[in-house]
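In: Structure here, sequence nowhere to be found:
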């Protein structure tokens, strides 16, 4: 279960209906595919059952939308399992990082997943080539799977070497693809119960389109309406395990909503991901006393599967810290979240809160699809194309000129 | 060597002189201590030489300013060494993360460093208590060192058990403390050449106060003058190894500059840390097409100690990616930085760039002190107290009430 709390009062029925109807239209017309993924991707597991599981590690070669969602789920859920396989993410072109990752991979015990929607992402293909060279990969024989758009160059390449291919539906963009093969294939093969993740997401979608999650639409209307003043949307996540989720959120929100609209205006909202309690010692001062240009969403996990306690030890001269003695760290981090939330609210900032009853597959599925829907709803209100990224093309063109000399 | 490039034109002699003189005054009056650390901390190494090095791992128990600087340096430089000791950071109250860290520590092979300026940071002392309980630490005997303010409760506690104590100068705040015992003790004991780091920082300070780094003061004046429009300052770092540096920057910038000024106005600038090339697939779209409310500083490492190449492999159907074949990843990531920088400049954003010739001790020392000076200079122009953090106190008070029931 997820619970949602709002600590401000805002309603605008017209905006709310506009946003909801826009999403309903996207879903029903099938122009936007992610609404159907949680249902459709259940079918992937049949095929995945047939894949040889003779590997101990998965190397995901992919960047951006091809890795962030998988990373978020992997980080959130892996401690729930006794025997999930390690996933290594080869994404950045940083030479030191890449060599470090390579040095820890035994090719005979590793499945390589090459993931690129377009099929020609320069980081992904360059790292794949480096892996072919470094590990002396035999393309026809070694353990490689490709995930890409149907008919992409990467798919054609894979077919030539009889490499297994999973497709991403054409109407699903990279940053909305976590419930497609992009996320489901690596997570299933690593040993996660992806059916539960998909069922969590599907149930939230059902509930949303039955108008039972109207708080989401209200929040979208609020963020849109206040976007000229509240230019930044902070997600303050109270668990280290949410750090990769924060990065997934930053991509989803930033890349979807930062756009030039039909009138030629620059619109957008800037996402900021914080971690509690660490960032109470970093960003909180700016939140409390700095300019009033942000909203804050607190994310809390009610029950961790862990009972580590602050023991009943009173250290001489440090007795002022004894007020938490005997409590669990679970209780402490949640009390820190509540205390920070109250101090932020008292400073006049508009706040809402999402509570995960615990970190399980269903709740993680729900949380991810909640943010996808929220992004779509705000995008609809901005009247932009939420699903493209034309701004990144110029850099790619310039990059090519750097190597032509 | 660090090189600095600016791609906009802005000068305001009055502001520049005001900022420079403010920093000179802080330094000469000794009200602010960090200006003297690189010189004064050289003396620490004598004492550190005498410490028993019979451990394989260091567990730093500390949060915020007590861990971020050390983490930044550790991450940036550890790949330069063959045999540096592992440092584990026990900082967050997340129960799962904490238990995971504990499970990988062998107390007989570990030095525990308890770091808290005030001495009563609730996370630090609670985690220390949990460690005492979990590892059955013998306070009088086991390998523990404390770093704290002179006369703090934590120092008194340490003295009672004859635990070694290193002090933080009173006039040095947590987020400006990386060159004090806070950073130098763990880094030295792990095996880093801290003298070189300190010498790099000292030489930059000399150069700055000899007015040879006037670009820094010009940048501060620019950021201050434009702060009503450019509310966010993005640091776009092109190496995975700069990820912890980004977090250190976020604390330094956010907590120092987000303040209520003498007139009661809320001022501040919001720091955002990005990593290239990863965030080209995430945040870049928002930068290019979103609202004009950000500046961007690119950070680049000219030469990595690594020659990993994109091999001369042409994969069928993927020939469009062959333009980088034969180049090193070092060349690729830097070309990506340049291409992104050019596309950001063309979109009308004010950009500057910092180039580290390579990742070595001197350059890392320079980079950190550069950002400390820049923060002080912008703070002086805002006419705020750059060095306190009154906004976080309310949350601490509320926290106590959560446990009194």
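Out: Sure thing, it's come through. Keep in mind it's a predicted model, so treat the numbers as computed, not measured. Numbers count the residues shown, from 1 in each chain, chains lettered A, B, ... in the order given.
In: Show the backbone phi and psi for whichever residue of the stretch 301-405 of chain A sits closest to chain B.
Out: Nearest to chain B in the stretch 301-405 of chain A, going by C-beta to the nearest C-beta, is residue A:391, at a distance of 3.4 Å. To be clear about C-beta, it is placed using only N, CA and C from the backbone, and glycine gets the same treatment. Backbone torsions of residue A:391, given as degrees, to the nearest 10, read phi -70, psi -20.
In: How about residue A:328?
Out: According to degrees, to the nearest 10, residue A:328 has phi -80, psi 160.
In: That one touches residue A:308, doesn't it?
Out: Yes - if you go by C-beta atoms under 8 Å, residue A:328 and residue A:308 touch, sitting 6.5 Å apart.
In: Give the intersection of the neighbour lists for those two.
Out: Contact criterion C-beta atoms under 8 Å, 6 or more residues apart in numbering or on different chains; residues shared by residue A:328 and residue A:308: residue B:95.
In: The two - which one has more neighbours?
Out: residue A:308 (21 against 18; other C-beta atoms under 10 Å in any protein chain shown).
In: before we move on, back to that, so what's the residue of the stretch 301-405 of chain A closest to chain B up against?
Out: By C-beta under 8 Å, 6+ apart, the neighbours of residue A:391 are A:258-259, B:284-289, B:347.
In: how close does it get to residue B:192?
Out: Going from residue A:391 to residue B:192 by C-beta to C-beta, to the nearest Å gives 40 Å.
In: ok, the residue of the stretch 301-405 of chain A closest to chain B to residue A:384 distance?
Out: 12 Å.
In: Report the contact partners of residue A:174.
Out: For residue A:174, the contact set (C-beta under 8 Å, 6+ apart) comprises A:64-66, A:117, A:182, B:281.
In: List of residues touching the longest strand along chain A?
Out: If you go by DSSP state E, chain A has its longest strand at strand A:294-303. With contact meaning C-beta under 8 Å, 6+ apart, strand A:294-303 is reached by A:223, A:226, A:230-239, A:241-242, A:272, A:276, A:287, A:330, A:334, A:337, A:340-341, A:344, A:349-359, A:367, B:270.
In: Report the buried residues of whatever helix or strand comes next after that strand.
Out: Scanning forward in sequence from strand A:294-303 by DSSP states H and E, the next helix or strand is helix A:329-346. Buried residues in helix A:329-346, counted by 16 or more other C-beta atoms under 10 Å in any protein chain shown: A:329-344.
In: Parallel or antiparallel, which strands does the longest strand of chain A pair with?
Out: strand A:232-237 (parallel), strand A:351-358 (parallel) (DSSP bridges).
In: Give me whichever of those is most buried.
Out: strand A:232-237 (a mean of 23; mean count of other C-beta atoms under 10 Å in any protein chain shown).
In: what packs against the next helix or strand after that strand?
Out: Once the chain leaves strand A:232-237, the next helix or strand it forms, by DSSP H and E, is helix A:243-257. When contacts are defined as 3 or more C-beta pairs under 8 Å, 6 or more residues apart in numbering or on different chains; DSSP states H and E, helix A:243-257 sits against helix A:68-77, strand A:232-237, strand A:270-275, helix A:361-382, helix B:284-289.
In: Tell me what angle the second one forms with helix A:243-257.
Out: Same thing as strand A:232-237. 160 degrees (axes from the mean of the first three to the mean of the last three C-alpha atoms, to 10 degrees).
In: got the contact list for the spatially most central residue of chain A?
Out: Closest to where the C-alpha atoms of chain A average out (C-alpha atoms, centre = their mean) is residue A:248, at 3.1 Å. Residue A:248 makes contacts with A:68-69, A:71-72, A:178, A:368, as judged by C-beta under 8 Å, 6+ apart.
In: Tell me, what's the model's pLDDT at it?
Out: Reported pLDDT at residue A:248 in the predicted model: 98.
In: just residue A:52 next, same as before
Out: On the pLDDT scale, residue A:52 is placed at 89.
In: Which strand or helix spans it?
Out: Applying DSSP H and E as the criterion places residue A:52 outside every helix and strand.
In: Next up, phi/psi of it, please.
Out: Main-chain torsions, residue A:52, degrees, to the nearest 10: phi -60, psi 120.
In: Can you tell me the closest non-neighbouring residue to it?
Out: residue A:143 (7.7 Å; C-beta to C-beta, 6 or more residues apart in numbering or on different chains).
In: I'd guessed the one you found sits against residue A:113; true?
Out: No - at 9.5 Å, residue A:143 does not count as touching residue A:113 under the criterion of C-beta under 8 Å.
In: Before I go, just wanted to say thanks for your time.
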